[in-house]
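[1] what follows is a predicted protein model with its sequence.
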Amino acid sequence: MSKKNEWAIEQDYLTMVYGKLLEMQEKVFNDFDDAELDSRNFLKNLSDDIRINTSSASDSFESLIEVEQKNQELAQLNYKREWLEKQKRNIGQLLEGPYFAKLDVQYPDESEIEQFYIGVAGFSDEDHHQYVYDWRSPIANLYYENNLGPTSYEAPMGQVTVDLKNRRQMKLNKSKLVDFFDTSTAIEDPMLLEVLNEESTAKLTDITSTIQKEQNAIIRDTKSDVLIVEGIAGSGKTSTILQRIAFLLYRYKDDLVPEQVLLLSPNPMFSKYIEEVLPSLGEKNPRQMTYRDLMRNRGRHYEVENLEEQLKNPLVLNSLDNMKAIEEYVADLKPELMDFTPIKRGDELIISTKWMQQTIMSLPKEVELYRKLDYLKEKMNEALAKFIRTESKKPKWRDELENMSNEEYNQLFAKVKKGSEDENIQQVINRLVNRRYSNLKGSINNFSWIDIESHYILATGLRINQPMSLDQATEFAYLYHLMIERRNNRKTKFVILDEVQDYSEAQLYFLSKVYSGSHFTLVGDGYQSIFAQGTSFKRVEEIFQASHRQVKSVQLLKSYRSSGPISHFMKHLLGGEGSGVEVIDRPGKDPEFPQFSSQEAYFEYLNKQLTPAKNGYRKVVLTKDSDEAKRLYRELGEPAEVTLIADSSRMELNVPVLLMPVHLAKGLEFDVVIVHNVSKKRFKDSQDLNLLYTASSRAMHELYLPYVGEPSNYIVPIK
Ligand SMILES: Nc1ncnc2c1ncn2[C@@H]1O[C@H](COP(=O)(O)OP(=O)(O)OP(=O)(O)O)[C@@H](O)[C@H]1O
C-alpha cells in the first residue's frame, strides 16, 4: 500500500480514537464532579448521622460499628475520586497525542494481523475495547525490543510467540497525524534523532516514545535483586531509572505504592530537576531525598557535613573497617555493659540507670539485645505512666491550676469528659501532668536514654566530630541500627540510587544491610566520580554480592545528550576506541579550544560569551569548586545577566546564563557549556580529568574549553 493510502487510514483511526477520547473525557469530568459532590455531602451529613451512644455497652458497640461503616464508605468515595482524577490526567495526556507507535502482530494459527497502538497511558471504552495500550503493558515490549519477524513477549500467562510484521513510529499532534516511520524502512531511529536535536529544558522530560533497547531491558528488569548500571554521561541513566519507577508502579500496582520506593539523589537541585518526569507519566513521585538527608534524619542532634565540606574531605581508607568493628562490638555487647542515661525532668530523677540495668538483666540470656532494649522501653513507658498517676495526686498541681491563665485552663478543660466538679478538676490535672511530662515519653520512645555516643567511641576508638563526616554519620547510624532498630526496613521495597560512584564503601554497605529486604537499582559513571571517598563499580558489585543477592551488572555506552562532535571528544577523554563508547553521529558544532595569553583577554572573551543566546540556548560556565565560582563571578564584575549558583540552597536553573561549580551541575544538562580555564596547570591529574569529563558531558550542542597559557594535556592531542 502506498504511504498516501496508509496515511489516510492512520488519520481515520486517529480521528476515531480522538473522538472516543473526547467522549470519555466528558464522562470522566461529569463523574468526577459527581464524586466530589458525593464526598462533600457525605462529610456534611456525617456529624448528623453519627451520634455516639454510650449509655450501654451494646449501644456503644453499635455506634462503633456505625463509625466503622462510615469510615469504609468514606474510603471508597476517596478511592473513586482519586481513580477519576488519574483518569482525567491520563486522558489529558492522551489528548496531546494519543499514541506514538503501532505494532502489526500475527499470532500463530491466526490469519488476521492484529494491530496494537502504544501510548503513554492505556485507553479503552466502556465495552472494554482497547484503543491504546500502555507503554508498560507486556505487548509494548515488542516495540522497545525492536525485533521484526518471529519474536516473543512475556505475558502474565507465560511467554507468547508471535510474528512482528511491522513496527511503526508515529508522530501526532493532538488529532492530527504529523508523520510516521516504519522500522523496516528506516535505518536510523528518526524519532530519536528529532528529539535529541531539540533545545535543552530546565527540567528533565520523559523518554517514553524513544526508549532504546538496552534502556528498556533495565526498565523492565524484574528478576535481579540488585541491578547495577554503569553508563557514560548522557546515556540516559537518570531517565531510565525514572521510567523504571513508573514501570514498577504499573507492574506491581496492587502491591506497590510510591512511598515504598526510595530514590536517593545526589543533591537537592537534582530532585527539582527530575520532579516532573513521573507526574508526566501519570505517576506520583517516590520518596526522594539525598543520602545526607537520610543520615540527618538518623543522626540524633548531630550536624552532618555539607556537600562542600565533603568535597574537601580526604579519602578515609578504613571506612568499611569501622563498620566491621561496629558489627563485632555489637555482637559482643552484653547487657551489663550497656551505657544508659537516666530519665530526668530538670533535677528530678524519674527512672534511674540502676533500675534500667536491673530490668534488662532480669531477662533470659538468649534474648537478643535489641529485643531486650525494646522490652525495657515498654517497661520504662509503664514506669513513667505510674509515676504520672502518683504525681497527679499531689496537691501542688491544684495550686498550679489556680495560677494558670484562663486560656490554658480552657484548653485543658475542653477535652475533659464532664462529670462532677471534683472529677473534672482531677481530669484537668491529669492532662496537665501528662503534658508536663510528654517530652519524656518522646525520649523514651526514641531511645535517647541509650548513650550511643559512648558506645560509638568504644566500638571505633574515634571521637565524634562536629560536623560529622558523612561516613561517620553512616557508622553512627549503623551502630544505632544494630543495637536498637535491627528490624529490616520492610516498608521500602525498592531503593534506587543515582550517581552510585559517589557513595563510599561504608555508605553502600550500610544501605545493603539496612535495606536488606529491598531491591536495589544502582546507576552511575565511574568517570564522573567527584569525591575522594567514592567507590569503584567492581567494589559496588562485591559489596552487594556479599549480602547474598542476585546481582546483575549492565553497561550503557551511548550518549544521547551530546551532539556527535561533543560525544567524540568525551570518547577521547575516556581513552578513545578502547573505552567502548559508541557515538551517535548526529551533526553539531565542533568543541572549541580558544587560547589566551593574558587573564584580561580571557575575561573579555568570557564576558562576551556570557550574554544570553539569541536562539534561546541555555549557557553555563563550570568551575572546579564553589569558591572558584564565587571568585570568577566577582572577577567578571558580577554581570547582571549571569546567575551564580555557589551552593545547593539556590535552585534557579531556568535562566539563560549560569555560573556554577561542576559538582552542582551533576546530572543536569545545558545547550552550551564553557569550562573555566582548562590550562595545563589546572587540569593535570586523574581527579581533574574526571572533573573535565563531568563538566564537558553536560553539553548538548556547544562546548568551549578556553585556557590561559598552555592547554591541559587532556585537550592537547585533539587540538
Ligand atoms: N532513549 C532516549 N530517547 C530520547 N532522549 C534520551 C534517551 N535517553 C536519554 N535521553 C536524553 O539524554 C539526556 C541525558 O539523559 P540522562 O540525564 O538520563 O543521562 P545520564 O546517563 O543520567 O547522564 P549523566 O550521567 O551525565 O547525569 C536527557 O536529555 C535525556 O532526555
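    Yes, it's here.
[2] next, work out how far apart the closest residue to Pro266 other than its chain neighbours and the ligand are.
    Closest residue to Pro266 apart from its sequence neighbours, by Cβ to Cβ, 6 or more residues apart in numbering: Glu499 at 4.3 Å. (C-beta placed from N, C-alpha, C; glycine too.) Distance, Glu499 to the ligand, by Cβ to the nearest ligand atom, to the nearest Å: 7 Å.
[3] Ser712: neighbour count?
    By other Cβ atoms under 10 Å, 21 other residues sit near Ser712.
[4] what's the neighbour count on the residue nearest to Pro266?
    Applying other Cβ under 10 Å, we find 25 residues neighbouring Glu499.
[5] now do Asp109
    5.
[6] so which helix or strand takes in it?
    In the assignment (DSSP states H and E), Asp109 maps to no helix and no strand.
[7] and the gap between it and Leu557?
    Counting by Cβ to Cβ, to the nearest Å, the gap between Asp109 and Leu557 amounts to 41 Å.
[8] now do the phi/psi pair for the closest residue to Leu369 other than its chain neighbours.
    What sits nearest to Leu369 in space, not counting adjacent residues and going by Cβ to Cβ, 6+ apart, is Leu333, at 6.1 Å. Dihedral pair for Leu333: phi -70, psi 120, per degrees, to the nearest 10.
[9] pull the contacting residues for Leu333.
    Shown in contact with Leu333 (Cβ atoms under 8 Å, 6 or more residues apart in numbering): 369, 455, 483.
[10] so Thr611 sits against Glu641, correct?
    Yes. With contacts counted by Cβ atoms under 8 Å, Thr611 reaches Glu641, the gap being 6.0 Å.
[11] what about the residue of the stretch 351-500 of the chain found nearest the ligand, how many neighbours?
    The minimum distance from the stretch 351-500 of the chain to the ligand, using Cβ to the nearest ligand atom, falls at Asp498 (7.0 Å). The local packing of Asp498 (other Cβ under 10 Å) involves 22 other residues.
[12] correct me, but it touches Ser265?
    Yes. Under the criterion of Cβ under 8 Å, Asp498 makes contact with Ser265 at 5.7 Å.
[13] so what sits against both of these two?
    Joint contacts of Asp498 and Ser265 (Cβ under 8 Å, 6+ apart) are Gly667.
[14] got the residues of the stretch 51-200 of the chain near the ligand?
    Contact residues, the stretch 51-200 of the chain versus the ligand (Cβ under 6 Å from any ligand atom): 192, 195-196.
[15] contacting residues for the residue of the stretch 351-500 of the chain closest to the ligand?
    237-238, 241, 263-266, 270, 523-524, 667.
[16] which ones among the contacts of Leu333 map onto helices?
    369, 455 (DSSP state H).
[17] from the contacts of Leu333, which is closest to Gln169?
    Closest approach to Gln169 among these (Cβ to Cβ): Met483, at 56.6 Å.
[18] the closest one: how many residues sit nearby?
    There are 21 residues near Met483, going by other Cβ under 10 Å.
[19] surely it is in contact with Tyr456?
    No. Met483 is beyond contact range of Tyr456, at 10.0 Å (criterion: Cβ under 8 Å).
[20] where exactly do the helices run in the stretch 151-300 of the chain?
    190-196, 213-219, 237-251, 268-274, 277-280, 291-298 (DSSP state H, counting those that start in this stretch).
[21] quick one: the fifth one near the ligand?
    No. Counting by Cβ under 6 Å from any ligand atom, the ligand has no neighbours in helix 277-280; the shortest distance is 9.1 Å.
[22] quick one: is stretch 220-236 near the ligand?
    Yes. Shown here: stretch 220-236 in contact with the ligand (Cβ under 6 Å from any ligand atom) through 231, 233-236.
[23] in strands, which of these fall?
    Gly231 (DSSP state E).
[24] farthest pair in the residues of stretch 220-236 next to the ligand?
    Every pair of these checked by Cβ to Cβ; the farthest is Ala233 and Gly236, at 10.3 Å.
[25] ok and the residue in this structure nearest the ligand?
    Counting by Cβ to the nearest ligand atom, the chain gets nearest the ligand through Gly236, at 3.0 Å.
[26] contacts only, for that residue.
    Contacts of Gly236 (Cβ under 8 Å, 6+ apart): 207, 212, 215, 556, 560.
[27] farthest pair within the residues you listed?
    Maximum pairwise distance among the contacts of Gly236 (Cβ to Cβ): 12.7 Å, between Ile207 and Leu556.
[28] those two: who's more crowded?
    Leu556 (22 against 19).
[29] excluding chain neighbours, give the residue nearest to the more buried one in space.
    With Cβ to Cβ, 6+ apart, the residue lying closest to Leu556 is Gly231, at 3.1 Å.
[30] state the distance from that neighbour to Glu275.
    Distance from Gly231 to Glu275, by Cβ to Cβ: 22 Å.
[31] comparing these two, which shows the higher neighbour count?
    Gly231 (22 against 13).
[32] which residues touch the more buried one?
    237, 523-525, 555-557.
[33] run the last query once more with 10 Å
    For Gly231, the contacting residues are 214-215, 218, 237-238, 240, 523-525, 554-559, by Cβ atoms under 10 Å, 6 or more residues apart in numbering.
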